[in-house]
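Trainee: Any chance you could fold what I've pasted below:
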Amino acid sequence: MAEKKEKQVSSLPRPLRLFYGVGEFGQQLSVLTLNLYLLYFYTTVLGISGKAAGTLMLVARIWDAINDPMMGTIIDNTNSKHGKCRPYLLYCAIPAGLFLFLTFLAPDMSNTSKLVWAYVTYIGQGMLYTATGISYTSLMSRISDKPMDRVALNQSRAFISMFAAIAISSSTLRLIETIGAGDERKGFAIVAGVYGILQALCYLAVFRLTKGHDRQETKAAKADGKSGTKDLLDSFKYIIKNPLWRWLALSTMLYYTSSAITQGIVVFYVKFYLEKPTMTGLATMCSMVSSFLAIVLLQVFAKKFGKARSCAAGMMIAVCCLVVRLVTRDAVFPLYLACLLVSGFGLGLFSSLLVPSLMDSIDYGEWLFGKRNDAMVMSANSFGNKLGGGVGAAVLGFMLDAVGFDKTATVQTAMAKSGLFNTAIFVPLVVFSLVFFFMLMYRRYEKKMPQVREELAERRAMAGSGN
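Mentor: Purely as a prediction, here's the structure:
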């Protein structure tokens, strides 16, 4: 059967296409602040041990394995006047901002009470982030069935995410020091409070912006949701049986695991392998800045080549850069920076198309089984992101110990330096090669998607006429 082409004209209002990504700024206010500063806050400001903080974060990841799919099922079974996803942006926005503030509040209490406080606020913040984050991401698949609409919405997210990453990482610590005037306890509390307010406003803005765009269910679908058939285990069974979801979910997990390692090793690599500690910031910037160009060209690539081939191209670009670095062993520093720039473009192209690609698996699953699990699929993506990051960080820590890295030494041993090089090159080289193959498998399904969406539209029309 010849591959069908889908119309590329967007039906979405321009303000929605341009500013949907404001919710991503709200998400990044918590994600980046927690990733960059929470461990420091716990150990130096709140005053709990690094071991206790690490245990807390491990417990939180275990809870995520239960909480994320549970929240996805709750959202999928929601039927309200605001739709399925938007109610959680409305009702959880202010609590999410409040818990972000409380997480960085350091009350004067006993050590045991501090630990209890950290568990309650961190896990509470994580649950509210899950409720708002899954709702926000799942909303894209409910706003429109058109692939390019979804790409445009995710392009808005990607732009604002990149802006947020640069702004938050470069200014947060300076704000804490300036506002606190030497009192980090005060500085963290005020900055986190402001971030919490901004986060809540971002989610409420998306709630307002998407009014009338959270597609309502037919009466039959609502009745099915109330019958109990779409419970947690049933929903999980359907996404596991979805072959397209399996390829994309595995790619997501591998990508985020590798990203955690490659991002986490940059400081160690530049400082101790390349022995250029003053160039760490420049290397980090080179690995990020070219993603802007990928985001600008996102719709061009998606229209011209499709999501699968664009993702595969992004992976191949990254693989080629790693091969160049393997051959040269990064002996020429300008060439190393050039490889980071080019690789950053490829990785930005892949990561920016990952969520719209996952939404194809939502449509494909509905076509296969007659069950639509928007939030359940996106909760699996959310958990894959969290677990991949956690596994990647743990693997990096293990590898640093295994190669004999000495944090007290100014100059590392030859074994440690070789270990840093091998970790920085071979881990992403293997992972990106695997993901490239998975994207070729995804291409087989992407060719079917125009016909799949056409048949789904016919089914919905028939279901609607029977109301």
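Trainee: going forward, measure contacts and count neighbours with C-alpha atoms only.
Mentor: Noted.
Trainee: quick one: low-confidence parts of the stretch 201-350 of the chain?
Mentor: Residue ranges of the stretch 201-350 of the chain with pLDDT under 70: 215-232.
Trainee: do that again at 90, thanks
Mentor: For the stretch 201-350 of the chain, applying pLDDT under 90 flags the ranges 212-241, 245-246, 249-250, 252-253, 256-272, 277-299, 303.
Trainee: For this structure, give the helix that spans the most residues.
Mentor: Counting residues, the longest helix found in the chain (DSSP state H) is helix 333-369.
Trainee: Next secondary structure element downstream of that helix?
Mentor: Sequence-wise, the next helix or strand downstream of helix 333-369 (DSSP states H and E) is helix 374-402.
Trainee: For the stretch 1-150 of the chain, which segments count as strands?
Mentor: Taking DSSP state E, counting those that start in this stretch as the criterion, the stretch 1-150 of the chain carries no strands.
Trainee: At which residues are the helices of it located?
Mentor: Assigned by DSSP state H, counting those that start in this stretch, the stretch 1-150 of the chain shows helices spanning 14-19, 22-40, 50-76, 86-91, 93-103, 111-143, 147-180.
Trainee: between the helix or strand just after the longest one and helix 93-103, how many degrees?
Mentor: Read that as helix 147-180. Moving toward the C-terminus from helix 147-180, the next helix or strand (DSSP H and E) is helix 184-209. Orientation of helix 184-209 against helix 93-103 (axes from the mean of the first three to the mean of the last three C-alpha atoms, to 10 degrees) gives an angle of 170 degrees.
Trainee: mind listing what's buried in helix 184-209?
Mentor: By neighbour count on 16 or more other C-alpha atoms under 10 Å, the buried set for helix 184-209 is 184-207, 209.
Trainee: I'd guessed Glu184 sits against Ile176; true?
Mentor: Yes - using C-alpha atoms under 8 Å, Glu184 makes contact with Ile176 at a distance of 6.6 Å.
Trainee: returning to what we had before: okay if I get the helices of the stretch 1-150 of the chain as a markdown table plus mean neighbour count?
Mentor: Listed next are the helices of the stretch 1-150 of the chain as a markdown table, based on neighbours: other C-alpha atoms under 10 Å:
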| stretch | mean neighbour count |
| --- | --- |
| helix 14-19 | 16 |
| helix 22-40 | 20 |
| helix 50-76 | 18 |
| helix 86-91 | 21 |
| helix 93-103 | 24 |
| helix 111-143 | 21 |
| helix 147-180 | 19 |
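Trainee: can you put those in TSV and add mean pLDDT and distance to Ser290?
Mentor: Compiled in TSV, these are given as follows (pLDDT from 0 to 100; distance: least, C-alpha to C-alpha, whole Å):
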stretch	mean pLDDT	distance to Ser290
helix 14-19	85	21
helix 22-40	86	19
helix 50-76	82	31
helix 86-91	95	32
helix 93-103	96	31
helix 111-143	92	24
helix 147-180	85	10
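Trainee: So which of those is nearest Tyr269?
Mentor: Closest to Tyr269 of these, according to C-alpha to C-alpha: helix 22-40, at 18.5 Å.
Trainee: Can you tell me which residue is spatially central in this structure?
Mentor: Note on the chain: the residue nearest the mean C-alpha position is Asn385, at 5.6 Å, using C-alpha atoms, centre = their mean.
Trainee: Nearest spatial neighbour of that one, chain-adjacent residues omitted?
Mentor: Spatial nearest neighbour of Asn385, excluding adjacent residues (C-alpha to C-alpha, 6 or more residues apart in numbering): Tyr256 at 5.8 Å.
Trainee: isn't the one you found right up against Val391?
Mentor: No - with contact defined as C-alpha under 8 Å, Tyr256 does not reach Val391; the gap is 9.0 Å.
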